[in-house]
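> Here is the input, now give the coordinates:
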Amino acid sequence: MRHRRVGKTLDRKNGPRLALLRNLATSLVLYEHVNTTLAKAKAVKPVVEKLITAGKTKSLVTRRKLASYLTVESAVNKILEELGPRYAERKGGYLRIIKLGVRQGDGAETAQIQFVKD
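The predicted structure follows:
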């Protein structure tokens, strides 16, 4: 039973789920929008928002924290150089999820997760 456990499992064990979220977060930071399923978009949104909030303060500790989660060094640089200063005045809500409909092959609900242009 999973009483009082926080977070979605996405029908995966812990290791593959963390790898999925890390790769999805890295792609979202690099390309600023990703088409995926609605469940995965909802699962990755709080993860990326916490990374952007951490990236507002530019320090070595922050760089190492971001590098421990993101898989590519250019994603870390993008958060610290572009995304952190872009959302410096914003208190949260850096991402939006737009529903795209159902996928033809398996009927899964798809969505696009993207950064808010502000």
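> For residue 50, give its distance to residue 110.
24 Å (C-beta to C-beta, to the nearest Å). Using the backbone N, CA and C atoms, a C-beta is placed for each residue, glycine as well.
> So which of these two has more stuff around it?
Here residue 50 and residue 110 are compared on neighbour count by other C-beta atoms under 10 Å; more neighbours surround residue 110, at 17 against 14.
> residues touching the more buried one, list them.
With C-beta atoms under 8 Å, 6 or more residues apart in numbering as the criterion, the residues that contact residue 110 are 35, 36, 37, 38, 99, 100, 101, 102, 103.
> if I pick the fifth one, what's in contact with it?
Residues touching residue 99, when contacts are defined by C-beta under 8 Å, 6+ apart, comprise 38, 109, 110, 111.
> What is the nearest of these to residue 1?
Distance ranking of the contacts of residue 99 against residue 1, using C-beta to C-beta, places residue 38 first at 25.5 Å.
> Nearest spatial neighbour of residue 88, chain-adjacent residues omitted?
residue 56 (5.8 Å; C-beta to C-beta, 6 or more residues apart in numbering).
> correct me, but that neighbour touches residue 89?
No - in this structure residue 56 lies outside contact range of residue 89 using C-beta atoms under 8 Å: 9.8 Å.
> The two: who's more crowded?
Using other C-beta under 10 Å, the more surrounded residue of residue 56 and residue 89 is residue 56, with 17 against 8.
> need the contact list for the more buried one.
Taking C-beta under 8 Å, 6+ apart as the test, what residue 56 contacts is 84, 87, 88.
> Just the buried ones among those, please.
84, 87 (16 or more other C-beta atoms under 10 Å).
> Can you redo the contacts of residue 56 as a markdown table, where the extra columns are distance to residue 12 and secondary structure?
Below are these laid out as a markdown table (distance: C-beta to C-beta, whole Å; DSSP: H, G, I helix; E, B strand; the rest coil):
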| residue | distance to residue 12 | secondary structure |
| --- | --- | --- |
| 84 | 30 | helix |
| 87 | 30 | coil |
| 88 | 35 | coil |
